[in-house]
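**Student:** I would like the atomic coordinates for the input below:
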Amino acid sequence: MVRVGIDWGSSAFRAYQFNHQGKVIESISADLGIKFIQNGNFAETLFSQIGTWLTPGDQVLLSGMITSRNGWVETPYVPCPADLQQVLNTAVRKEVNDIELIFLPGLCQPDPSDVMRGEEIQLFGAESIQPIQLAVMPGTHSKWTTINDGCIQGFHTIATGEIFEILLEHSLIGNLYVGNGWIETAFIRGVDKGFQCKNIIRELFTCRAAVLLGQHSRTDIFSYLSGLLIGNEIREGMDLTNWNLQESSSAIVTLIGSASLCPRYLTALKQLGIKAVVGPEDAVVPGFQQIISLLNGSK
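**Tutor:** Purely as a prediction, here's the structure:
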């Protein structure tokens, strides 16, 4: 039996073919996220991408926004704390062209209200390679997640990336920005200010006012605003997870996700005296491998 894992998000389609030993033998990545699929043609898209890998009786694991309300099959959320067996037990199964499709659920918590879809497989995968206490997944909606012995205890979403994009592209705060280079000194200034700041909404306007007063360059805005928001996210994340990362000698933040964003967060955490490491790339792969192991054990 061939098994395939698909990480199918809003923007991208990533598929991995596993052999009988659970090792990746082929992979595909395409800009075919669910927002690009017309008229709900998910089955057609899937088989056009990986149909040559499959024969009747094979299984395909699907994770991410493909299992959301806007995707192919909406799956329920598993409340935290949750482990991977609970995720698999709550999956929705569907047969198409004699292929069993296993739509994996996301995770939720009722108070404060929060949800995730797709990130949980990466988290389980990363935790299987190295022990994790506190994981941070930078992105449009950053996730701060506590994990204990293979169980996701809880998480908090902070919309840092989305706010950054809105301010930079669609506000008076960002419209003075010129250039496309990264200025690390401006970023560090922003990190320090954002971490110390208790009034972040008021502080955001300084990105504009400081330029008008000649205190910042227009080329600084991108990097400074990024640092301001990430510094404040770190402060907020520490409060939400009850981790005093600056005082703890043993706590280590594990960064999981974007190759472009993780180094930025690593720089910010180091600036604030917080220990951090970058987790494995393609953490979704060991996540799928664990699910395959559970499927093998159930037979």
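
**Student:** Surely Met238 is in a helix?
**Tutor:** Yes: residue state for Met238 (DSSP: H, G, I helix; E, B strand; the rest coil) corresponds to a helix.

**Student:** Contacts only, for the spatially closest residue to it that is not a sequence neighbour.
**Tutor:** In space, and not counting its chain neighbours, Met238 is closest to Leu245: 5.6 Å by Cβ to Cβ, 6 or more residues apart in numbering. Where you see a C-beta, it was placed from the backbone N, CA and C, and this is true even at glycine. By Cβ atoms under 8 Å, 6 or more residues apart in numbering, Leu245 lies in contact with Leu134, Ile234, Met238, Ala251, Val253, Leu269, Leu272, Ile274, Lys275.

**Student:** do you know how far the last one is from Thr254?
**Tutor:** Remark: distance between Lys275 and Thr254 (Cβ to Cβ, to the nearest Å) = 10 Å.

**Student:** Neighbour count for these two, which is higher?
**Tutor:** More neighbours surround Thr254 than the other of Lys275 and Thr254, with 23 against 14 (other Cβ atoms under 10 Å).

**Student:** That one: what secondary structure?
**Tutor:** Under three-state DSSP, Thr254 comes out as strand.

**Student:** tell me which element the residue nearest to Met238 is part of?
**Tutor:** Leu245 belongs to no helix or strand when assigned by DSSP states H and E.

**Student:** Next, the contact list for the nearest residue to Lys94 once chain neighbours are set aside, please.
**Tutor:** Setting aside the residues directly before and after it, Lys94 is nearest to Leu101 in space (Cβ to Cβ, 6+ apart), at 4.7 Å. Leu101 makes contact with Gln59, Val60, Leu62, Val73, Arg93, Lys94, Glu95, according to Cβ under 8 Å, 6+ apart.

**Student:** now the first one: how far from Thr90?
**Tutor:** For Gln59, the distance to Thr90 equals 16 Å [Cβ to Cβ].

**Student:** ok, back up a step: need the overlap of contacts for Lys275 and Thr254.
**Tutor:** Common neighbours of Lys275 and Thr254 (Cβ under 8 Å, 6+ apart) do not exist.

**Student:** Mind checking which of the contacts of Leu245 land in strands?
**Tutor:** Of the contacts of Leu245, the ones assigned to strands by DSSP state E are Leu134, Val253.

**Student:** any idea which of the contacts of Leu245 is closest to Gly5?
**Tutor:** Among the contacts of Leu245, Leu134 lies closest to Gly5 (Cβ to Cβ), at 25.8 Å.

**Student:** Let me know the secondary structure of Gly57.
**Tutor:** The assignment at Gly57 comes out as coil when based on three-state DSSP.

**Student:** tell me the phi and psi of it?
**Tutor:** phi 100, psi -10 (degrees, to the nearest 10).

**Student:** so where do the strands sit in the stretch 1-150 of the chain?
**Tutor:** Applying DSSP state E, counting those that start in this stretch to the stretch 1-150 of the chain gives strands spanning 3-8, 13-18, 24-30, 59-63, 77-79, 82-83, 92-96, 99-103, 106-110, 113-116, 134-137, 142-148.

**Student:** mind putting those strands in a markdown table, distance to Asn180 included?
**Tutor:** A markdown table is the format used below for the strands of the stretch 1-150 of the chain (distance: least, Cβ to Cβ, whole Å):
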| stretch | distance to Asn180 |
| --- | --- |
| strand 3-8 | 29 |
| strand 13-18 | 27 |
| strand 24-30 | 25 |
| strand 59-63 | 34 |
| strand 77-79 | 39 |
| strand 82-83 | 41 |
| strand 92-96 | 44 |
| strand 99-103 | 40 |
| strand 106-110 | 35 |
| strand 113-116 | 32 |
| strand 134-137 | 26 |
| strand 142-148 | 23 |
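
**Student:** mind putting those in CSV, mean pLDDT and distance to Gly125 included?
**Tutor:** CSV is the format used below for the strands of the stretch 1-150 of the chain (pLDDT from 0 to 100; distance: least, Cβ to Cβ, whole Å):
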stretch, mean pLDDT, distance to Gly125
strand 3-8, 97, 10
strand 13-18, 98, 11
strand 24-30, 97, 12
strand 59-63, 98, 11
strand 77-79, 97, 17
strand 82-83, 96, 13
strand 92-96, 97, 21
strand 99-103, 98, 16
strand 106-110, 95, 14
strand 113-116, 96, 14
strand 134-137, 96, 11
strand 142-148, 96, 12
